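Engineer: Dropping a prediction and its sequence here:
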Amino acid sequence: MRRRGPDVLAPDDPRHGEPAGYKAGCTCDACYKANKAYEVQRSRLLACGQWRPWVDADEVRAHIRGLAQHNIGWKQVAHLAGLNESSLRQILHGRKGKPPVRRCHRKTAEAILSVRPTLDNLPDSSTVNSTGTVRRLRALVALGWPMHHLGNMLPSRSDHIHRLIRYPTPTVTVGLARAVRDLYEQLSMTVPPDTWMRRRTRAFAAQQGWVPPLAWDDADIDDPQATPQVGEPVDVDEVAVEQRLSGRRIHLTDRELTAAVALGFARGMSRTAIAEALHISHDRVCELAGLPTRAERRRRRSRTGTTCPSPDPARSDVAA
């Protein structure tokens, strides 16, 4: 059994658990096993003539300088890539009076090239295109969330959010864009409480031509060239229909109630179960589904003098 040596590296050193940590003198189990696996793989590739651990450093240098244009410095790149700062210093500036290296290790290059100028990597003070941020805010307004309510939930003044929604600027800060993205993920599938404010907010958004979250794909909402998938004009709030059918008392239009009844039948629910879920009468369910009510069925039986089955395929005494 191998005798464990001392941990000569700091606990937060990114070289821990890597072959570089073992070469730096750390003999902990993680560094030892990583170096052993590296040596085994190296021996196999050498035997096959496929050992090519070095790549040209020019592409890596260009990528680091490109990230710098987005206010991501080389020290931040090292942190995001999980590398030691000295590795990037040698690639960019050289070491001890020597010019920058011409080659770097393949794993180092792959780690650096994997760093992208995304919202999660950019500093809060940087600016990005406002398209996605404005679309997310307008989609929440179209869902019924008042603008002042959204402003109170974001790290910015409420009047600034109101102006951004109504009169967008070309860019916004990364901090605001990240906060709006997180808020959108939290509220995009949640209908606000049914109040006069929600109804007025949705009516205003419809006048402006703003579309709800379901009209946008996650991959397209940040693309300035993308358009919402609205198709034919639809005034059915699918999220509200779903929540009303689950028992919540949410105001629905007649068209949305019709969609809720149809959805209930599609799920195999009886007319009685649908009426209880939507908090409406049994006859109202029949009217919305285009089926005869109980009174109409009684009159029909009285005229024919026989008992005829209901044409409803989801009749309560059958579907149940």
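Structural biologist: Yes, it's here.
Engineer: And this structure, what are its domain boundaries?
Structural biologist: The record's domain split for the chain, according to automatic domain parsing, is 54-113, 127-215, 238-319.
Engineer: Can you tell me, leaving aside adjacent residues, what's nearest to residue 213?
Structural biologist: residue 188 (4.0 Å; CB to CB, 6 or more residues apart in numbering). In short, each C-beta sits where N, CA and C put it, glycine included.
Engineer: distance of that neighbour from residue 206?
Structural biologist: Here the criterion is CB to CB, to the nearest Å. By it, residue 188 lies 18 Å from residue 206.
Engineer: With neighbour numbers in mind, choose between the two.
Structural biologist: Neighbour tally, residue 188 and residue 206, criterion other CB atoms under 10 Å: the higher count belongs to residue 188, 18 against 14.
Engineer: Quick one: the domains of the chain as JSON lines, columns for mean pLDDT and distance to residue 227 too.
Structural biologist: Shown next, in JSON lines, are those (pLDDT from 0 to 100; distance: least, CB to CB, whole Å):
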{"stretch": "domain 54-113", "mean pLDDT": "87", "distance to residue 227": "27"}
{"stretch": "domain 127-215", "mean pLDDT": "89", "distance to residue 227": "9"}
{"stretch": "domain 238-319", "mean pLDDT": "78", "distance to residue 227": "20"}
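Engineer: Which one, of those domains, ends up nearest to residue 119?
Structural biologist: domain 127-215 (4.9 Å; CB to CB).
Engineer: how about stretch 291-301 as PDB, C-alpha atoms only?
Structural biologist: Extracted C-alpha coordinates of stretch 291-301, given in PDB (Å, rounded to 0.1, in the frame of the first residue of the first chain):
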ATOM      1  CA  LEU A 291     -73.700  18.600 -25.500                       C
ATOM      2  CA  PRO A 292     -77.400  18.500 -24.400                       C
ATOM      3  CA  THR A 293     -78.100  19.600 -20.900                       C
ATOM      4  CA  ARG A 294     -80.000  17.500 -18.400                       C
ATOM      5  CA  ALA A 295     -83.200  19.400 -19.100                       C
ATOM      6  CA  GLU A 296     -82.800  18.900 -22.900                       C
ATOM      7  CA  ARG A 297     -82.200  15.100 -22.400                       C
ATOM      8  CA  ARG A 298     -85.400  14.800 -20.200                       C
ATOM      9  CA  ARG A 299     -87.500  16.600 -22.900                       C
ATOM     10  CA  ARG A 300     -86.000  14.400 -25.600                       C
ATOM     11  CA  ARG A 301     -86.900  11.300 -23.600                       C
END
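Engineer: Tell me the buried residues in it?
Structural biologist: 291, 292, 297 (16 or more other CB atoms under 10 Å).
Engineer: Next, the contact list for the residue nearest to residue 104 when sequence neighbours are not counted, please.
Structural biologist: Distance criterion CB to CB, 6+ apart; nearest residue to residue 104, sequence neighbours excluded, is residue 57 at 4.6 Å. Each residue near residue 57 by CB atoms under 8 Å, 6 or more residues apart in numbering is listed here: 91, 100, 101, 102, 103, 104, 109.
Engineer: need the helices for the stretch 201-320 of the chain, in chain order.
Structural biologist: For the stretch 201-320 of the chain, the helices defined by DSSP state H, counting those that start in this stretch occupy 238-245, 254-266, 271-278, 282-289, 294-304, 316-319.
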